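1. show me how the following folds:
(2 chains)
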Amino acid sequence: MSSTKPTSSEDILGQKYDRCLADLLVKSVGVVASVIFFRRRTWPIALSTGFGAGAAYADCDRSFNPARIPGTRIIPQSEVKQ
Amino acid sequence: MYRALPASRQVASTSSRGAVRVVRRRIATEANPVPKKKKGVVRRIFWATTTLTGTFYFGSTFAAFNNQTYYDFFSDHVPLGQSMLEYAETHGWDKITIKDVVDTGTNVVVTTQRFITDTINRTPGAHDAVESAKRTVETKTEEAKAATLKIIRGTKARVEPVVTQVKTEVQETAQKVETIGKEQAQQVSDELASLVLKAEAALAGKPFPSDSTATALPDVVPAVDATPPSIAKDAEKHVYSVPLPLGFEPPPGFSRPAPPKKAEPEPVAEAESPLVIEAPVIVTLPLVAPSVSSLGESEPIISHLAGTIDNLASYLASNPEAASKATDVLEIAKNDLTALGERIEKSKLDERLALEAKLDEQTREYTLKLMELEMEAQDKLDDQQEGFRKFFDDERVKLAQSYREKLEQELKTQTELINERLKEEVIAQGIELQRRWIREIKVRVEQERGGRLAKLDELSASLKKLERIALDNSTYLDENIRVHALWSAVRAVTSAALGSPVRKPFREELRTLRHIAAAREDPVVAIALDTLEETDVPDVGVEPFADLASWFASEVAPKVSQVALVPDENAGVLSYLASRALSGFRFKRQGLVAGDDILSVLARAEYHLNEKDLDSAARELNQLKGPARMLLHDWLEAARRRLEVQQALDVVQTQATLASLLVV
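-> Below is the predicted model of the structure:
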C-alpha cells in the first residue's frame, strides 16, 4: 500500500481520501453487470451502486477511525479511571 | 772541813806523819767505833744528799730557765720539779741574770769589805782583823770550800779503811803505845808543833771556830796520845762534828765569842799542864774535872780534857800495875806538855805577828783582788754585753738573712706555683678557646651551609615556581589551544549543522569536536555530545531554519487548519470532510493571538517562526492534539532535531566560553 518514498504526515489525509474514492469506484460495479447480464435494465445499476457505495463508505470510515470495529468500543481514559 | 784539808795533806805527805796519824786514828776509832761510824755515815749521807739534792734542784731551776727543753723535762719528769719551778717563778728567780748575780756579789763583797775595814778601823786588834779577814775569805772562797769538802770526803773515804785497819791493830798497838810512849810523845810533840804551826798558818783561810778547835786539837792531842783511845776519840768526835756542817755555815755561837776563846788556849794549856803535871806527881791522881769545872762552862774542851785526864787517872788507879809505867809516861807527857805549852805560846805570839802581817797583806791582796775581780767582772760584763749585742746583731742579721732567704724561697715557690697555675689556666683557656672556636666555626659552617642550603632551596623553589609558571603557562597555552580548537570545532559543527543552507550530515565535524572536548574532560560537554552522537541526526543532518519555516507555512499550516474542527477522538470520515469543507469559510488569524484553538495556535506559531523563534513555535505546536498533531508530526520531528542539535551546540559553546574565561 505504502510507496517506497514515505509520505509526509500532512499528506496522510489526502491519501486516505484518494483511497476511499478509488474504493467507491471499484465497489460500484452494477453498471457493468446490467449491461452484460440484464440486458440493459436500470434497476441492477442502482442496486449495485448502492451496495458498493455503502461498502466503500464503511471501509473509508474505518480507515479514518481504526477503532470503529464492529462489536468493539473504545473506553476513554476518563472512564477507565473512574 | 778546813781542818780536814791539812789532815789530808798530812796523810799524803810523809810516812812518818802517816804513822802518827794512823795511831791517832786507831785511838779514835777504838773509843766508840759503832755509834761514831753510824752517826758519821748517816750525817754524811744526809748532808751529801741534802747538798746534792739542793744543788740539783736549784741548779736545775736556773738551768730550766735558761733551757726550754730542760725546763720541760724538769717540770714533767722530776718530782717536785713543777712546784720548784712555780716557787722560783713566783719569787722571780727566772729574772735573775748573770749581771744581777754579779751585782749582788759585788754588793756583798763591797759591803763585806766595808764592814771589814770598819771593824779593822774600829778594833785594830788582830782578832778583829782576823775575823773580818776570815769573813771576807769566807765569802770569797766558797768554791774552794766546796772543793775542799769533796777532797775531805775523798780523804775520809780513803782514810776509813785505814782506820778500820787501825782498829784491828788497836789492841796490839795499845800495849805498844806504852812501850814506845816516850818516842811517840816526842814525835807527837814535834808533830803537834808542826801542826800548830800549820794550823796557825792556815788560820788566815779558816773560820774562827775551826781555828779554835784546831788550836784545841793540838792541845788535846798530846794528852790523847798518852791517854786511852776513848779520850782521843771524843776529841776527834768533837773535831769532826763541828766542822762538817760548819763547812760554810759555822755556828754563829762559836764564831762570835772569839776573843774569850782566843784568850783561852793559854789558860787551857796552863790549866792543863799543871793538871797533867799534877797527875804524875800525885800518884793518887786527884780528879781534875772539878777544879776545871769553872773553866768548863766557858771552854768545854778544857773540861773535856780534864775529864779525859781523870779517866786516865782512874784507869791507872784501877790498874796499879800499869801505874808505874804510866807515871813515867805521864811525866814525860807532862814535861812535853809544858814545853809544848811554852812553845805554843811562843809560836802563837810569832804566829800572831805573822798572821797580822799576813792578814794585812791578805786584806790588801784581797782588796786588790776584789777590785781586780770587780774590774774584771765589769770588763767581762761589758765584754759580754758587747758580745751579746754583737751576737744579737749578728743573730738579727742572720735571722733577717735567713728569713729573707726563706721569703725569697717562698716567693720563688709561690711564683713558680702561680706561673704553673697560670700556665695551666692559659692552656685550659686555650683549649677552651679552641673548643669555642671550633664550635663557632662549626656553627658558622652550619650557618653558611644552612644559608647556602637555604639559597639552594630558594633557588630550587624559584625554579619550581618557574617550572610551575612554565607549566602553568604551557597548560594555559594548551588550554588556550584546546579552547581555541574547541571553539573552532564548535564553530565548524555549528556552521555545518545549523548554518548551512541545505540539510547535510555533520558527523565528521562532530567527531572532531568530540575528540577535542574529550581532551578537556568536561562532563557536560561529553554528555551533550554523547547524546547528540548516539542519535542518527549527525548522519542525516538537520533541516535549515528557512526550509522549516517555508515547509510550515506552505504545507503544514493549511492542512492543519483543514482538520481544525475535527474532534480529537472518534472522528470519522464525515467529520474530516466537514472540517475540510468548513475550513474554507473561516478567517485566518494573524499575529500573537490568544486562544487554545488550533487556528490561534497556528497563528502564534507562525508569528514565532516569523520571529525566527523555532523553539517557541515548536512549543506552541506541540500543545496540539488529535489529528492536527498527527499531521504536524514530521515537522515537529524535524524541528525537534534541529533544536536538539542547536541546544547541544549551545551547551558546548557555553562550556567553551567558560573554559576560555577560566583559562585567563
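
2. lowest-pLDDT helix or strand in chain A?
-> One helix or strand of chain A scores below all others by mean pLDDT, DSSP states H and E: helix A:30-36, with a mean of 70.

3. give the next helix or strand downstream of that helix.
-> helix A:43-64 (DSSP states H and E).

4. please point out which parts of that next one sit buried.
-> By neighbour count on 16 or more other CB atoms under 10 Å in any protein chain shown, the buried set for helix A:43-64 is A:44-45, A:48-49, A:52, A:56-57, A:59-61, A:63-64. All C-beta spots, glycine's among them, are computed from the backbone N, C-alpha and C.

5. run the chain-centre distance for the next helix or strand along the chain from it.
-> Counting by DSSP H and E, the next helix or strand C-terminal to helix A:43-64 is helix A:77-81. Offset of helix A:77-81 from its chain centre (CA atoms, centre = their mean, to the nearest Å): 31 Å.

6. quick one: mean pLDDT over helix A:77-81.
-> Averaged over helix A:77-81, pLDDT sits at 74.

7. cool, and stretch B:47-58?
-> On average, stretch B:47-58 scores 87.

8. output it as CSV - backbone C-alpha positions only.
-> Only the C-alpha atoms of stretch B:47-58 are listed here, as CSV (Å, rounded to 0.1, in the frame of the first residue of the first chain):
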residue,chain,number,x,y,z
TRP,B,47,124.3,16.2,154.2
ALA,B,48,125.6,14.8,150.9
THR,B,49,122.1,14.0,149.7
THR,B,50,120.8,17.3,151.0
THR,B,51,123.5,19.2,149.3
LEU,B,52,123.3,17.3,146.2
THR,B,53,119.5,17.5,146.1
GLY,B,54,119.6,21.2,146.8
THR,B,55,122.3,21.8,144.3
PHE,B,56,120.5,19.7,141.8
TYR,B,57,117.1,21.4,142.4
PHE,B,58,118.5,24.9,142.4
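
9. show me which residues of it are buried.
-> B:Tyr57.

10. stretch B:107-125 too?
-> Buried, per 16+ other CB under 10 Å, within stretch B:107-125: B:109, B:112-113, B:116, B:119-120.

11. quick check: what element follows the helix or strand containing B:Val490 along the chain?
-> Using DSSP H and E, B:Val490 sits in helix B:320-494. Counting by DSSP H and E, the next helix or strand C-terminal to helix B:320-494 is helix B:507-520.

12. what angle separates that following helix from helix B:320-494?
-> With axes from the mean of the first three to the mean of the last three CA atoms, to 10 degrees as the basis, helix B:507-520 and helix B:320-494 are set at 170 degrees to each other.

13. other SSEs contacting helix B:507-520?
-> On a contact count with 3 or more CB pairs under 8 Å, 6 or more residues apart in numbering or on different chains; DSSP states H and E, helix B:507-520 meets helix B:320-494, helix B:523-534, helix B:537-540, helix B:627-663.

14. that helix to helix B:627-663, inter-axis angle?
-> Going by the same axes, to 10 degrees, helix B:507-520 makes 40 degrees with helix B:627-663.

15. what are the buried residues along helix B:507-520?
-> B:507, B:509-510, B:512-514, B:516-517, B:520.

16. ok so, going back, pLDDT of the helix holding B:Val490, averaged?
-> Regarding helix B:320-494, the rounded mean pLDDT is 86.

17. got the angle for that helix vs helix B:523-534?
-> Using the same axes, to 10 degrees: helix B:320-494 against helix B:523-534 is 40 degrees.

18. show me which residues of chain A are close to chain B?
-> A:8-13, A:20, A:57, A:60-61, A:63-65, A:67-68, A:74, A:76 (CB under 8 Å from any CB of the partner chain).

19. make a ChimeraX selection of whichever of those residues turn out to be buried.
-> Burial among the residues of chain A next to chain B is assessed by 16+ other CB under 10 Å; the matching ChimeraX selection reads:
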select /A:9,10,12,13,20,57,60,61,63,64,65,68
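
20. distance of the residue in the stretch 301-450 of chain B that chain A sits nearest to from B:Phe587?
-> Proximity to chain A, evaluated over the stretch 301-450 of chain B using CB to the nearest CB, is greatest for B:Gly450 at 85.3 Å. Using CB to CB, to the nearest Å, B:Gly450 is found at 97 Å from B:Phe587.

21. what of B:Phe56?
-> For B:Phe56, the distance to B:Phe587 - CB to CB - is 187 Å.

22. could you pull up the residues touching the residue of the stretch 301-450 of chain B closest to chain A?
-> For B:Gly450, no contacting residues are found, by CB atoms under 8 Å, 6 or more residues apart in numbering or on different chains.

23. so who does the closest residue to chain A within the stretch 401-550 of chain B touch?
-> Closest approach between the stretch 401-550 of chain B and chain A, counting by CB to the nearest CB: B:Glu543, at 12.4 Å. Shown in contact with B:Glu543 (CB under 8 Å, 6+ apart): B:503, B:551, B:638-639, B:641-642.

24. mind running it again at 10 Å?
-> B:502-503, B:549, B:551, B:614, B:635, B:637-639, B:641-642 (CB atoms under 10 Å, 6 or more residues apart in numbering or on different chains).

25. same check, this time on B:Leu658
-> Contacts of B:Leu658 (CB under 10 Å, 6+ apart): B:483, B:522, B:524-525.

26. measure it to B:Val483 for me?
-> 9 Å.

27. also B:Lys625?
-> 46 Å.

28. so the two - more neighbours on which side?
-> B:Val483 (23 against 11; other CB atoms under 10 Å in any protein chain shown).

29. pretty sure B:Leu312 contacts B:Thr327?
-> No - B:Leu312 is beyond contact range of B:Thr327, at 11.2 Å (criterion: CB atoms under 10 Å).

30. surely A:Glu10 is in contact with B:Ser561?
-> No - A:Glu10 lies out of contact with B:Ser561 (CB under 10 Å); the separation is 11.0 Å.

31. what two of the contacts of B:Leu658 are the furthest from one another?
-> The two members of the contacts of B:Leu658 with the most space between them (CB to CB) are B:Val483 and B:Val524, at 14.8 Å.

32. related to what we said a few turns ago, need the buried residues of helix B:507-520 in JSON lines (columns: pLDDT).
-> Below are the buried residues of helix B:507-520 laid out as JSON lines (pLDDT from 0 to 100):
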{"residue": "B:Arg507", "pLDDT": "87"}
{"residue": "B:Glu509", "pLDDT": "86"}
{"residue": "B:Leu510", "pLDDT": "86"}
{"residue": "B:Thr512", "pLDDT": "87"}
{"residue": "B:Leu513", "pLDDT": "85"}
{"residue": "B:Arg514", "pLDDT": "85"}
{"residue": "B:Ile516", "pLDDT": "83"}
{"residue": "B:Ala517", "pLDDT": "82"}
{"residue": "B:Arg520", "pLDDT": "74"}
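
33. many thanks, we can stop here.
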